[in-house]
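A.B. asks: Sequence first, predicted model second:
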Amino acid sequence: MLRVNDILLAVEALTQERFPDLKAYRNVVRKGFKRPSFLTEVGKQTMEDATRWTVDRTAQVKITFFETVDDYHDSQIETLSDRLTVALELFSCAAIQAGDRYLDISGTVGEVFNDYAELTFTLSWQDDRDITPVAAAPLEDYNISVTPDGREEE
């Protein structure tokens with residue numbers, strides 16, 4: 001079963017490859033974090049039945065880009081817009097590789113704010129269902145005799 005950390009590693013690696021000058025953060029940024037940088041996080045996840053042996057899974061991924069800010073937090077809007085455009089191109093492909101799997105990408109959307117830009121998309125894939133054999137209760141012995149007319153003998 002694919003782990004969320006595998007997804008984070010894959011998305012972070014692709015983003016870092018395209019933006020080598022940015023510091024990468026995962027899941028949270030602390031006060032006083034370094035800019036320019038980006039934050040990778042996984043949000044809502046789903047798991048639904050596909051077959052007896054597999055499940056359909058999805059995960060919403062968000063990448064937040066941060067740029068060095070001025071006193072008014074608005075001098076970097078053009079830079080953030082350019083970064084977002086490149087990121088939209090990067091994650092507008094059909095699939096990305098995470099470990100030994102290829103995850104389908106859909107719903108890629110981006111938005112620029114005063115001092116950061118966000119890119120969100122949904123990853124979907126099928127995973128093996130964890131099937132644990134169920135221990136069955138042993139049958140108890142019953143001694144039943146049936147007569148030709150269908151009644152039990154006493």
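C.D. replies: Arrived safely. Residues are numbered from 1 along each chain as shown.
A.B. asks: which residues of this structure score low on pLDDT?
C.D. replies: Counting by pLDDT under 70, the chain has low-confidence residues at 73-75, 134-137, 139, 150-154.
A.B. asks: Of all residues in it, which one is nearest the centre?
C.D. replies: Nearest to the mean C-alpha position of the chain, by C-alpha atoms, centre = their mean, lies Ala59 at 3.1 Å.
A.B. asks: Now do the helices in the chain.
C.D. replies: Taking DSSP state H as the test, the helices found in the chain are 4-18, 77-90.
A.B. asks: picking up where we left off before, wait, isn't the residue nearest to the centre of the chain in contact with Glu41?
C.D. replies: No: with the criterion set as C-beta atoms under 8 Å, Ala59 and Glu41 do not qualify as a contacting pair; they are 10.4 Å apart. Every residue, glycine included, has its C-beta placed from N, CA and C.
A.B. asks: re the thing from before, for the residue nearest to the centre of the chain, list each beta-bridge partner.
C.D. replies: The residues listed as beta-bridge partners of Ala59 by DSSP bridges are Gln45, Leu123.
A.B. asks: contacting residues for it?
C.D. replies: Counting by C-beta atoms under 8 Å, 6 or more residues apart in numbering, Ala59 makes contact with 4, 7, 42-45, 122-123.
A.B. asks: which one of the residues you listed has the most neighbours?
C.D. replies: Leu123 (25 neighbours; other C-beta atoms under 10 Å).
A.B. asks: Any idea how many residues pack against Gly110?
C.D. replies: 19.
A.B. asks: who does it bridge with?
C.D. replies: The residues paired with Gly110 through beta bridges, assigned by DSSP bridges, are Leu119.
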